[in-house]
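Enquirer: 3D model of this:
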Amino acid sequence: MLLVAAGAVNYFRPIPAAAAVSNGLSQYTITGAQPALPWPNVGSAAVGATGIGLIGTSGDPAPVPAASVAKVMAALVLLADRPLQLGNDGPTLTMTEQDVATYQADAADQQSVVPVMSGEMLTEYEALEALLIPSGNNIAETLARWDAGSVTAFVAKMNQRAAALHLTKTTFADPAGVSAQTVSTPTDMLYLGMAAMQQPVLAQIVGRVQAILPVAGLVYNVNGALGQSGIIGIKTGVNAGATFLFAAAATIDGHPLTIYGCVTGQPTLAIAFDAAQALIGAMQSALKMRPLYSRNDVVGVYNTAWGSQANLVSTEDLTLVEWPGMILRQQLNTQTLAVDGSVPSGTQAGTMHVVLGDQQADIPLVTSGSLVPPGLAWRLIRINW
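Expert: Residues are numbered from 1 along each chain as shown. Predicted structure coming up:
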């Protein structure tokens, strides 16, 4: 009677749910020797790539004058306040006597300027061209007043955006980068460039070799490296040395990506351009695309206490860009499955969360094979289940 009673109690106890176990490592380091990048002999530099983010730096990390690279942040702030779609020129700015006075004063100071006349009308797109292609310092002030009412208010917006982008070593004292107090580091400027190139209008403008403006006429891009080594932007600057913030289109193992970098403290812009191209070439050789998962790869398994088993498989392919020494992290995020009845093959079970650099992915997972409930004998005689 006691055995019958114990068996009955066992039979009616809840059946334990099945939990998944990963069959891979939670993290590992990408193998391979760290490439020896051709860092410039003077100044400092930083490089990165789409998805990975920052790859490496060299030289003194202390902030240095950002020079005209500051105009990239000015453009980002303006486009956040007054968005433009590709193909849309936006509202019109009418040049005032104040704008002409700014131009004349900057020209007298031998700054980089774009000629303007009182009454001249520039679309927002044309004004951004004047800011970013020939690098007009006077246009930066004009846009600052137009957007925020004053240069001071606009510079405050630039610093707020820098904080939002976590550019902790960047400070803006003016919208054009004339002030030696407008400072940044190659790493901060690299992340600024990454953010800027996600803005389609900005990316289009910095990739243009020339533009035609109402009064200034034909103006040329001060980025003399444009089009070389895949360079598609973004901005040069000269203040206590030459700075070049660059983006270059590359194809790695058949996959397109963008290489980013910034070199500062170079003797001339020509030397800065050469340093950038050397870094781009070295990175193209070292970057690889890793097919991390393929459809139906087994990533884990569901086991039950009574011996029923079903593999856990991916439903998508996943390829990520990698660099030797990076750490890949992965975590199985799955649900426990009730096995009161049969759990059919193909049951959605959760995801595999993968992180490599700035790249993150969640691969959907399903069961491969069925889980069946326990038989009568196991339910009657189980212990501790």
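
Enquirer: and stretch 94-110, C-alpha only, in PDB?
Expert: Output of stretch 94-110 as PDB, limited to C-alpha atoms (Å, rounded to 0.1, in the frame of the first residue of the first chain):
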ATOM      1  CA  THR A  94      19.700  85.600 -46.600                       C
ATOM      2  CA  MET A  95      23.200  87.100 -46.000                       C
ATOM      3  CA  THR A  96      23.100  90.200 -43.900                       C
ATOM      4  CA  GLU A  97      25.600  93.100 -43.300                       C
ATOM      5  CA  GLN A  98      26.700  91.200 -40.100                       C
ATOM      6  CA  ASP A  99      27.500  88.200 -42.300                       C
ATOM      7  CA  VAL A 100      29.500  90.400 -44.600                       C
ATOM      8  CA  ALA A 101      31.300  92.000 -41.700                       C
ATOM      9  CA  THR A 102      32.200  88.500 -40.400                       C
ATOM     10  CA  TYR A 103      33.600  87.500 -43.800                       C
ATOM     11  CA  GLN A 104      35.700  90.700 -44.100                       C
ATOM     12  CA  ALA A 105      37.100  90.300 -40.600                       C
ATOM     13  CA  ASP A 106      38.000  86.700 -41.100                       C
ATOM     14  CA  ALA A 107      39.500  87.400 -44.500                       C
ATOM     15  CA  ALA A 108      41.600  90.200 -43.000                       C
ATOM     16  CA  ASP A 109      42.800  87.700 -40.400                       C
ATOM     17  CA  GLN A 110      43.800  85.400 -43.300                       C
END
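
Enquirer: quick one: that stretch to chain centroid distance?
Expert: Distance, stretch centre to chain centre, for stretch 94-110: 37 Å (CA atoms, centre = their mean, to the nearest Å).

Enquirer: just stretch 257-270 next, same as before
Expert: 18 Å.

Enquirer: Could you do stretch 376-385 as well?
Expert: On CA atoms, centre = their mean, the centre of stretch 376-385 falls 54 Å from the chain's centre.

Enquirer: what's the single longest helix in this structure?
Expert: helix 269-286 (DSSP state H).

Enquirer: ok, and what's touching that one?
Expert: Here helix 269-286 makes contact (CB atoms under 8 Å, 6 or more residues apart in numbering) with 35-40, 45, 47, 49, 55, 222, 224-225, 228-231, 236, 238, 242-244, 246, 248, 250, 252, 259, 261, 263, 266, 323-324. The C-beta positions use only the backbone N, C-alpha and C, and glycine is treated the same way.

Enquirer: For the stretch 51-200 of the chain, which segments count as helices?
Expert: 70-81, 97-108, 124-132, 137-148, 151-164, 186-196, 200-206 (DSSP state H, counting those that start in this stretch).

Enquirer: Go through stretch 101-115 and flag the buried ones.
Expert: 102, 103, 106, 111, 112, 113, 114, 115 (16 or more other CB atoms under 10 Å).

Enquirer: State the distance from the last one to residue 136.
Expert: Which is residue 115. From residue 115 across to residue 136, the span is 9 Å (CB to CB, to the nearest Å).

Enquirer: Please apply the same query to the fourth one.
Expert: Separation of residue 111 from residue 136 (CB to CB) stands at 9 Å.

Enquirer: And the fifth one, by the same measure?
Expert: When CB to CB is the yardstick, residue 112 and residue 136 sit 6 Å from each other.

Enquirer: Residue 29: which of the helices of the stretch 51-200 of the chain is closest?
Expert: In terms of CB to CB, the element of those nearest to residue 29 is helix 186-196, at 22.0 Å.

Enquirer: what angle do the closest one and helix 70-81 make?
Expert: 40 degrees (axes from the mean of the first three to the mean of the last three CA atoms, to 10 degrees).

Enquirer: which helices and strands sit right next to helix 186-196?
Expert: Applying 3 or more CB pairs under 8 Å, 6 or more residues apart in numbering; DSSP states H and E, we find helix 186-196 packed against strand 44-49, strand 53-58, helix 70-81, helix 200-206, strand 231-238, strand 242-252, strand 255-266.

Enquirer: Only the buried residues of the last one, if you could.
Expert: So the one you mean is strand 255-266. Buried residues in strand 255-266 (16+ other CB under 10 Å): 257, 258, 259, 260, 261, 262, 263, 264, 265, 266.

Enquirer: ok, that strand: who's next to it in the sheet?
Expert: Paired strands of strand 255-266, with direction, are strand 44-49 (antiparallel), strand 242-252 (antiparallel) (DSSP bridges).

Enquirer: For the stretch 251-385 of the chain, which residues score under the pLDDT cut-off?
Expert: Low-confidence segments of the stretch 251-385 of the chain (pLDDT under 70): 384-385.

Enquirer: just to revisit the earlier point, if any of the contacts of helix 269-286 are buried, give me the PyMOL selection for them.
Expert: Only the buried entries of those go into this PyMOL selection, using 16+ other CB under 10 Å:
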select buried, resi 35+37+38+39+40+45+47+49+55+222+224+225+229+230+231+236+238+242+243+244+246+248+250+252+259+261+263+266+323
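
Enquirer: now what about the strand or helix carrying residue 328, what contacts it?
Expert: According to DSSP states H and E, residue 328 maps onto strand 327-334. Contacting residues not belonging to strand 327-334 are listed as 19-22, 24-30, 292, 299-300, 312, 322, 349-356, 362, 365 [CB under 8 Å, 6+ apart].

Enquirer: Same check on stretch 138-150?
Expert: Contacts of stretch 138-150 (CB under 8 Å, 6+ apart): 70-71, 74, 77-78, 81-82, 93, 95, 98-99, 102-103, 106-107, 111, 113-114, 116, 127-128, 130-131, 151, 153-157, 174-176.

Enquirer: run the last query once more with 6 Å
Expert: Contact with stretch 138-150 is made by 71, 74, 78, 81, 93, 99, 102-103, 106, 113-114, 127, 130-131, 151, 154, 175-176, as judged by CB atoms under 6 Å, 6 or more residues apart in numbering.

Enquirer: likewise stretch 116-132?
Expert: Residues contacting stretch 116-132 (CB under 6 Å, 6+ apart): 71, 75, 89-95, 97, 99-100, 103, 114, 136, 139-140, 143, 205-206, 211, 213-215.
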